[in-house]
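S.K.: Next come a sequence and a model predicted from it.
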Amino acid sequence: MKTPDTELAIRYDKMVEKALRGVVIHALNHVVANGLPNDHHFYVTFMTDFPGVEIPPYLREQYPEEMTIVLQYQFYGLETSDDQFTVTLSFNNQPEKLVIPVEAVTIFADPSVNFALQFQPMEDIEEDEDDLPPPPPPSKTGKNDPGKKPAKGKASGEGNVITLDKFRKK
């Protein structure tokens, strides 16, 4: 339940999650434009039961919750938009088109450079554009408006620190 304090809270977790999901789309856009350079290849794990995921029924039956695909040698028709990607892969020598919303992705990894991102399922952080307030308009002086009262909030001293070190091989 939202209270006035939580409605105005800055949700850094949502902002970071959205930005990191943008990394997935940017990496895939790079591949669309340039192909996979050097030894780069991607492991993409996604929730098969997530709204908007389109996979053949036999794959959904085989992978009712989660599936990992590899984009390396034989994939075709990779296309991206701001919120999803489409790719054709071969399963038992049968080409199949997959549509995967970026919000369905739980892990994105490029083992060739020891890079990986692990995401919270979107329903866990209740991603909603309405929950992210737009940035304030810049003031004409470049300073805060002196007539405006500072935002009220509680400084609890608690916070979330996000590190990527746990995803790196040592």
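M.R.: Ah, there it is.
S.K.: packing partners for the biggest helix by length in the chain?
M.R.: In the chain, with assignment by DSSP state H, the single longest helix is helix 12-34. With contacts defined as 3 or more CB pairs under 8 Å, 6 or more residues apart in numbering; DSSP states H and E, helix 12-34 has these neighbours: strand 42-47, strand 75-80, strand 105-110, strand 115-118, helix 122-125. (Glycine included, C-beta is placed from N, CA and C.)
S.K.: Can I get it as CSV, trimmed to CA atoms?
M.R.: Extracted in CSV, the C-alpha atoms of helix 12-34 (Å, rounded to 0.1, in the frame of the first residue of the first chain):
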residue,chain,number,x,y,z
TYR,A,12,16.6,3.9,-7.6
ASP,A,13,16.1,0.2,-7.9
LYS,A,14,13.6,0.7,-10.7
MET,A,15,15.8,3.2,-12.4
VAL,A,16,18.9,0.9,-12.3
GLU,A,17,16.9,-2.1,-13.4
LYS,A,18,15.5,-0.2,-16.4
ALA,A,19,18.9,1.2,-17.3
LEU,A,20,20.5,-2.3,-17.1
ARG,A,21,17.8,-3.8,-19.3
GLY,A,22,18.7,-1.1,-21.8
VAL,A,23,22.2,-2.6,-21.9
VAL,A,24,20.7,-5.8,-23.2
ILE,A,25,18.9,-4.0,-26.0
HIS,A,26,22.0,-1.9,-26.8
ALA,A,27,24.2,-5.0,-27.0
LEU,A,28,21.6,-6.7,-29.3
ASN,A,29,21.4,-3.5,-31.4
HIS,A,30,25.2,-3.7,-31.8
VAL,A,31,24.9,-7.3,-33.1
VAL,A,32,22.1,-6.3,-35.5
ALA,A,33,24.3,-3.5,-37.0
ASN,A,34,27.7,-5.2,-36.9
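S.K.: What residues sit buried inside it?
M.R.: Buried residues in helix 12-34, counting neighbours by 16 or more other CB atoms under 10 Å, are found at 14, 17-18, 20-21, 24-25, 27-28, 31.
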